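Participant: could you look at this predicted model? Sequence included:
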Amino acid sequence: MSLDPTARPVDPVTAAPGANRRGPNALLVIGAVIVVAVAVAGVVSFFWTPFDTGFTDTANAKVGMGVGGHLLGTDRLGRDIASLLMAGAKTTLYVGIVAVGIAAVIGTPLGILAAMVPRRYSEFLMRCTDLLLAFPALLLALMFAAIWGGGITTAMIAIGIATIPSFIRVVRSGALVVLESEYVQAARVAGRSRLGIAWNHVLPNVLGLVIVQSSVSYAIAILAEAGLSYLGFGAGLTTPSWGLMLQESQSTLSSYPMITVWPALAIAIAVVGFNLLGDGLRDRFDPRLAGR
Amino acid sequence: MTGASAAAPVTDAVVQLTGVGRKFHRPGGGTVTALDGVDLTIPRGSAFGVVGESGSGKTTLMRIIAGLEKATSGRVLVDGTDITALPEKRLTFLRKTLQVVFQDPMGSLNPRMTIGRIVAEPLVVQGHRDVSGRVAEVLEQVGLDATIVGRYPHQFSGGQRQRISIARAIAPDPAVLIADEAVSALDVTVRAQVLDLIAEIAARRSLTLIFVSHDLSVIRRVCDRVAVLQGGRLVETGAVQRVYDHPEQAYTRRLLAAVPRLAESLEMARARAAGNRGGRSTTTADAGGNDSGTDDSSTDTNTEDAR
């Protein structure tokens, strides 16, 4: 198809599925592998972890790698770090899915709406978006925690709401391109209603952007959850969480640094993984950025 | 295509514009006049060309007739109904009467919809019955196989996509077909075929064809009457042959001189093809869609009809 003399640079948001110009990008593959690994660890932890996460091996507390059968050693109370990390992955995934889900489900329709309504309404919507954008997820979560009390549910909702503006902006800009396209003109000539155009033409063509934004937002959600749990506003003491592990390891930081290093590493790797996946997917869906 | 005599009184106008103007507001303030006092009558059943350079207002004119944009002054009658002030929701009759084939073969088909859904769109929206039967019928009329309904636009060449676009436009059986630069983005050899297909369909269905193009030679091939636009004003109108052979306006003469003729372009393309016998992918790809089709003379070969 690329030999077609009528071929033009492909419209960023309408690039056909399967019409990719390049093979899989190495960074995209690394990102995907990390994300899948985190997901598998989290899912497996439902059924099996090397040790029970509540089991305190008092004889082997604060040991290093491999001692007493503990792959990554144990923490201050003698709990198995590898098991805690796996269970923490579960919490990370759960929080991320709910938070990003809230943001995508609310932000995508609002973004399409902002692109389709008359200018004075969209201006209002976008100024509200800017206002919300001024509150980082952490700040919003602290506010919510102050009002309704901390906890993982408050954290998820706060992170989700704080992520809505980024979805509105990305979806709106994509929708504006789609609305200019000739196939939307053709749909209007066919007599499609505005709602019909939004559902049949705009939404399917901005979904790629939504997926990319979800992946990037997921990384931010992981960080926010870890931060909140670290501060004590996120996961409760009984919920396994990487942020909580960091916080608990503080007292032993100077004497047993590895107890801090493992959860920190898990957070860093997961965030990098989701970011790589998002960037890789963006390259695929948005040829404007390709080759940068 | 029998040319109506330029002097014949218009008995039945399908599109009538009276003093139509369109101004756009610049974001930074100030206005741009895209159309200014255009009076135009398009007789029913005619093949009417609208020609002008980019910026002449021809696309704005087309969009106003198609109800995609509102005139800021004047009156627009389509099939006897004044559409000037009608909101888009109340243009149902226009959607049944008038369809458009757009310029860009890559951009006029939703990449996430199958060909079947694309061609069926006007039928579904307008509540027709036997949608799949009609879709198969119009696909065959444009020289494509009806079995392609499950495929996606990116699997087709530019010429094939333009055929799909034509199929979508004629599916609801409109009385008026607007072609907006419908062949400008195509390779010259494919251009001639698609052009002939549009002319043939317009003649067979006794459609009123409104052909918008910057290329007078393209208009000459399919139209009997032509209107020349310059800077938003109508500078000349009349029978194609007359305007082509004896342009009254200096602007029309310049336009004629500036545009390379389709026949010449074809010659050049053929010469190039003879130079490298590697075989062009587009022409073969376009033929691939046709050899299973059952259509007649104008669509089945690549070179034969490129006179």
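Facilitator: Noted; the coordinates are in hand. Numbering: from 1, shown residues only, chains lettered A, B, ... in the order given.
Participant: so what's B:Glu181 closest to, chain neighbours aside?
Facilitator: Excluding the flanking residues, the one nearest B:Glu181 by CB to CB, 6 or more residues apart in numbering or on different chains is B:Gln103, at 3.9 Å. C-betas here are computed from N, CA, C, even on glycine.
Participant: check A:Ala39 too.
Facilitator: A:Leu93 (6.2 Å).
Participant: so A:Arg169 touches A:Gly111, yeah?
Facilitator: Yes. Between A:Arg169 and A:Gly111 a contact is recorded at 7.1 Å, counting by CB atoms under 8 Å.
Participant: run a quick neighbour tally on A:Thr92.
Facilitator: Number of residues near A:Thr92 (other CB atoms under 10 Å in any protein chain shown) recorded here: 30.
Participant: distance check, it against chain B.
Facilitator: 32 Å (CB to the nearest CB, to the nearest Å).
Participant: that residue contacts A:Leu244, correct?
Facilitator: No. At 11.2 Å, A:Thr92 does not count as touching A:Leu244 under the criterion of CB under 8 Å.
Participant: could you say which helix or strand contains B:Glu236?
Facilitator: Assigned by DSSP states H and E, B:Glu236 falls within strand B:233-239.
Participant: what is the helix or strand following that strand packed up against?
Facilitator: Next along the chain after strand B:233-239, taking DSSP H and E as the criterion, comes helix B:240-245. Contacts defined by 3 or more CB pairs under 8 Å, 6 or more residues apart in numbering or on different chains; DSSP states H and E place helix B:240-245 against helix B:216-222, strand B:225-230.
Participant: any idea of the angle the helix or strand just after helix B:240-245 forms with strand B:233-239?
Facilitator: Using DSSP H and E, the helix or strand that directly follows helix B:240-245 along the chain is helix B:250-258. Helix B:250-258 runs at 70 degrees relative to strand B:233-239, counting by axes from the mean of the first three to the mean of the last three CA atoms, to 10 degrees.
Participant: does any part of the helix or strand following helix B:250-258 sit near chain A?
Facilitator: Next in sequence after helix B:250-258, counting helices and strands by DSSP H and E, comes helix B:262-275. No. Using CB under 8 Å from any CB of the partner chain, helix B:262-275 never reaches chain A; the gap is at least 10.1 Å.
Participant: which helices and strands does helix B:262-275 pack with?
Facilitator: Using 3+ CB pairs under 8 Å, 6+ apart, helix B:262-275 is in contact with helix B:188-204, helix B:216-222.
Participant: on contacts alone, who are the packing partners of the next helix or strand after the longest one?
Facilitator: To tie it back to what came earlier, the one meant is helix B:188-204. Once the chain leaves helix B:188-204, the next helix or strand it forms, by DSSP H and E, is strand B:208-213. Secondary-structure packing of strand B:208-213 (3+ CB pairs under 8 Å, 6+ apart): strand B:13-25, strand B:31-43, strand B:47-51, helix B:58-65, strand B:176-180, helix B:188-204, helix B:216-222.
Participant: and if we set it to 7 Å?
Facilitator: On a contact count with 3 or more CB pairs under 7 Å, 6 or more residues apart in numbering or on different chains; DSSP states H and E, strand B:208-213 meets strand B:47-51, helix B:58-65, strand B:176-180, helix B:216-222.
Participant: which of the ones you listed has the lowest mean pLDDT?
Facilitator: Looking at the helices and strands packed on strand B:208-213, the lowest mean pLDDT belongs to helix B:216-222 (a mean of 87).
Participant: can you list the helices and strands that it packs against?
Facilitator: strand B:47-51, helix B:188-204, strand B:208-213, helix B:240-245, helix B:262-275.
Participant: more crowded one of A:Arg169 and A:Gly111?
Facilitator: A:Gly111 (32 against 18).
Participant: using the three-state scheme, assign that one.
Facilitator: Under DSSP: H, G, I helix; E, B strand; the rest coil, A:Gly111 falls in the helix class.
Participant: list the contacts for it?
Facilitator: Listed by CB atoms under 7 Å, 6 or more residues apart in numbering or on different chains, the contact partners of A:Gly111 are A:167-168, A:170-172, A:175.
Participant: with just CA atoms, put stretch A:277-284 into CSV.
Facilitator: This file holds the C-alpha atoms of stretch A:277-284, laid out as CSV (Å, rounded to 0.1, in the frame of the first residue of the first chain):
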residue,chain,number,x,y,z
LEU,A,277,4.9,0.6,27.2
GLY,A,278,3.0,3.9,26.9
ASP,A,279,5.8,5.6,24.9
GLY,A,280,6.1,2.6,22.6
LEU,A,281,2.3,2.5,22.0
ARG,A,282,2.4,6.2,21.3
ASP,A,283,5.0,5.7,18.6
ARG,A,284,2.7,3.2,17.0
